[in-house]
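1. Sequence first, predicted coordinates after that:
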Amino acid sequence: MATDQARVTMEEITALAKRRGFIFQSSEIYGGIGGFFDYGPLGAVLKRNVKEAWWRETVELRDDVVAFDSSIVMHPSTWIASGHVAAFHDKMIDCRNCKHRFRADHLKSVDKCPDCGMTGTLTEPRNFNLMMQTFVGPMEDSASQTYLRPETAQGIFVNFKNVYQSARKKPPFGIAQIGKSFRNEITPGNLTFRVREFEQAELEYFVPDDGGDMACFEMWVNARKKWYSDYGVNADRLRFYELTPDERPHYAKAGIDVEYLFPWGWGELESIAHRGTYDLDAHMKLSGKDLQFFDEATKTKYTPILIESSAGMDRTALTMLIDAYDVETIVENGKETKRIVLRFHPKIAPVQVAIFPLARNKPELVERARALEMELRPHFRTQYDEGNVGQLYRRQDEIGTPFCLMFDYDSLDDHKITVRDRDSMQQQRVAFDSLRGYVAERL
Ligand code: GAP
């Protein structure tokens, strides 16, 4: 399997994520809890930027998609109708010797344990339902038992009628939401790639049954291709894998997995699926409620076809981090040294402009640099910092800040500041009054 290991390892990404405050193990002081992570000051902004980029292009810049936000805990019948209670399983195998647990489809051999190396110690595969159970109200009995949603989509399906009637929408139109989902993964791993609590950005696009469904499917595949390209994901490390009829559910007419070349190989970021009328049909059948669309103009009723794009926001944020990672050899003070730089797209970068004084013990420089940072703050994601200049640049490179501004003694007289470009490391003197325009144009 092709991997991106030569460029960067997961150990390097994990170390940088912790060192610079992108991603921490959840409840680390208690030894952590498998499959749960916290986003530090920069990671929280990174993930928010990814979500905002998705929201902007999928909802705000379109007139055929409306916003939605459903609850995490839903009526348990939802998960019976959706098929999750009966079939949302992974096959699990335990090693009787080392007690380690594996997903059956991740094992190369069912004879030998990949961890302790013993043969004949692996159990038969057993079904394991991935939904996390919870109880609603004070009684912990079967009547109060339900689940934390394993996908956000079902909240949209069960509300289809409420939404189209209140928003006065007619297919083709979409409903989008971003929210937390939970899956009790057997083997979480690879930092935030496979976790038990994650965020999904899901678009459910309802299409009339008039033969235009595959054109809508293609429209969304192209929209998603454009999104990854616009936000700077390297095209050589991204592929749109077309599922064969055997690989997709029986009701799906088409399916594409968006995959990224991670250090361990190709991994799924998003699934785009033509789901027919399966989901609305299933909820109509179990609830006995009508979720068909009634077209006032033609006085006809039909069940719309569904095109779904479902992207993992944690996986996408991790992709942005890995994709941006670069190490280059530079010459500093006559010596060769390594520079780690995150080449984030400017809209994704947690900090866009960093501002420093040349010396932290010179009040006239400190005050002016601070004032400048405050002036730019409403327009860009800024950060003021002070200290050793070389270390400041190194830190900003490692967090992917596109521009660093250095306020020095000359700035006091010529009203110009040194602007350093992250990627080229070129420096330019820019006048204070054209600074905002200069940075905005380049971001
Ligand atoms: N409603 C369709 C659906 O949920 P999915 O392929 O199961 O489809 C969609 O999930 C996306 O959600 C995946 O492509 C992935 O990015 C993200 N995702 C799923 N399970 C995940 C997990 N355990 N950890 C992180 N992200 C996950």
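-> Sure thing, it's come through. Residues are numbered from 1 along each chain as shown.
2. Phe217: neighbour count?
-> Using other Cβ atoms under 10 Å, Phe217 is surrounded by 23 other residues. Backbone N, C-alpha and C define where each C-beta goes, glycine included.
3. Could you export the helix or strand harbouring it as PDB, CA atoms only?
-> Taking DSSP states H and E as the definition, Phe217 sits inside helix 213-230. Written as PDB, here are the backbone C-alpha positions of helix 213-230 (Å, rounded to 0.1, in the frame of the first residue of the first chain):
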ATOM      1  CA  ASP A 213     -30.500  12.400  -9.900                       C
ATOM      2  CA  MET A 214     -27.200  11.300 -11.300                       C
ATOM      3  CA  ALA A 215     -26.500  14.900 -12.600                       C
ATOM      4  CA  CYS A 216     -27.100  16.100  -9.000                       C
ATOM      5  CA  PHE A 217     -24.700  13.400  -7.700                       C
ATOM      6  CA  GLU A 218     -22.000  14.600 -10.200                       C
ATOM      7  CA  MET A 219     -22.700  18.200  -9.200                       C
ATOM      8  CA  TRP A 220     -21.900  17.400  -5.600                       C
ATOM      9  CA  VAL A 221     -18.800  15.300  -6.400                       C
ATOM     10  CA  ASN A 222     -17.500  18.300  -8.400                       C
ATOM     11  CA  ALA A 223     -18.400  20.700  -5.700                       C
ATOM     12  CA  ARG A 224     -16.500  18.600  -3.100                       C
ATOM     13  CA  LYS A 225     -13.500  18.300  -5.500                       C
ATOM     14  CA  LYS A 226     -13.400  22.000  -5.800                       C
ATOM     15  CA  TRP A 227     -13.600  22.500  -2.000                       C
ATOM     16  CA  TYR A 228     -10.500  20.400  -1.300                       C
ATOM     17  CA  SER A 229      -8.600  22.100  -4.100                       C
ATOM     18  CA  ASP A 230      -9.700  25.600  -3.100                       C
END
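4. next one: phi and psi at Phe324?
-> For residue 324 the amino acid is Ala, not Phe. phi -80, psi -20 (degrees, to the nearest 10).
5. tell me the pLDDT at it?
-> With respect to pLDDT, Ala324 scores 98.
6. and the residue lying closest to it once chain neighbours are set aside, what does it touch?
-> Closest residue in space to Ala324, ignoring its immediate chain neighbours: Leu342 at 4.1 Å, by Cβ to Cβ, 6 or more residues apart in numbering. Applying Cβ atoms under 8 Å, 6 or more residues apart in numbering, we find Leu342 in contact with Leu321, Ala324, Tyr325, Asp326, Ala349, Asp397, Glu398, Ile399, Gly400.
7. Now neighbour count and secondary structure too, for the residues you listed, in CSV please.
-> Output for these, formatted as CSV (neighbours: other Cβ atoms under 10 Å; DSSP: H, G, I helix; E, B strand; the rest coil):
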residue, neighbour count, secondary structure
Leu321, 25, helix
Ala324, 20, helix
Tyr325, 22, strand
Asp326, 15, strand
Ala349, 26, coil
Asp397, 22, helix
Glu398, 16, helix
Ile399, 25, helix
Gly400, 28, coil
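8. With respect to His100, which of these is nearest?
-> Taking Cβ to Cβ as the measure, Leu321 is the one of the contacts of Leu342 closest to His100, at 28.3 Å.
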